[in-house]
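> Show me how the following folds:
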Amino acid sequence: MTRAVGGKSGDLGGRIVRLRQALGLTQTELAARIGRSHASLGRIERGEVATPKPETLAALAKALGVDDLSESADSANRMSAWRRATARLTEDEQGQLLEFLAFLRWRSRAGRTRER
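Prediction:
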């Protein structure tokens with residue numbers, strides 16, 4: 001039996017892990033919020049559960065503060081988070097933030113190049 005590794009980009013378990021960690025929650029804390037066991041949540045995050053029950057997915061989405069946990073919703077969730085985070089910024093401030101993020105991305109790539 002092949003199983004996905006939690007945290008891998010593009011899989012449901014990976015998205016749950018990233019969202020949970022971004023909120024600073026442990027598996028135990030998130031499991032308690034959705035009314036499931038720590039072991040059950042761990043199996044979902046590791047990809048051992050092929051298709052979690054719809055009510056489990058709904059509870060996870062609510063606890064993680066997203067509308068949907070499907071793969072297509074992942075980018076929409078990121079855009080929604082960006083809009084919430086930048087809602088009070090002026091257009092100029094948003095532009096400056098984007099420039100700063102581009103600089104950080106460039107610096108990160110430059111650092112990786114030097115390490116090789």
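> Look through every helix and strand of this protein and give the one with the lowest mean pLDDT.
Using mean pLDDT, DSSP states H and E, helix 71-86 stands out as the lowest-scoring helix or strand of the chain, at a mean of 66.
> Helix or strand next in line after that helix, which one?
Tracing the chain past helix 71-86, the next element assigned as helix or strand by DSSP states H and E is helix 91-115.
> Not counting that following helix itself, show me its contacts.
For helix 91-115, contacts defined as CB atoms under 8 Å, 6 or more residues apart in numbering pick out 86, 89. No exception for glycine: its C-beta is placed from N, CA and C like everyone else's.
> Compute the distance from the centre of it to the centre of its chain.
Its chain's average C-alpha position is 21 Å from that of helix 91-115, according to CA atoms, centre = their mean, to the nearest Å.
> Give the rounded mean pLDDT of that helix.
Mean per-residue pLDDT for helix 91-115: 85.
> Can you give me the domain boundaries for the chain?
Listed domain ranges for the chain are 1-69, 74-116 (source: automatic domain parsing).
> Looking at these, which one is packed in the most?
Among the domains of the chain, ranked by average contacts under mean count of other CB atoms under 10 Å, first place goes to domain 1-69 (a mean of 16).
> if I look at Leu19, how far off is Ser37?
Using CB to CB, to the nearest Å, Leu19 is found at 19 Å from Ser37.
> quick one: which helix or strand includes the nearest residue to Asp68 once chain neighbours are set aside?
Closest residue to Asp68 apart from its sequence neighbours, by CB to CB, 6 or more residues apart in numbering: Ala61 at 6.1 Å. Secondary structure assignment for Ala61, by DSSP H and E: helix 54-64.
> do Pro52 as well
Per DSSP H and E, there is no helix or strand for Pro52.
> which ones are touching the residue nearest to it when sequence neighbours are not counted?
The shortest distance from Pro52 to any non-neighbouring residue, by CB to CB, 6+ apart, is to Ile44 (5.4 Å). Contacts for Ile44 (CB under 8 Å, 6+ apart) come out as 12-13, 16, 52, 56, 60.
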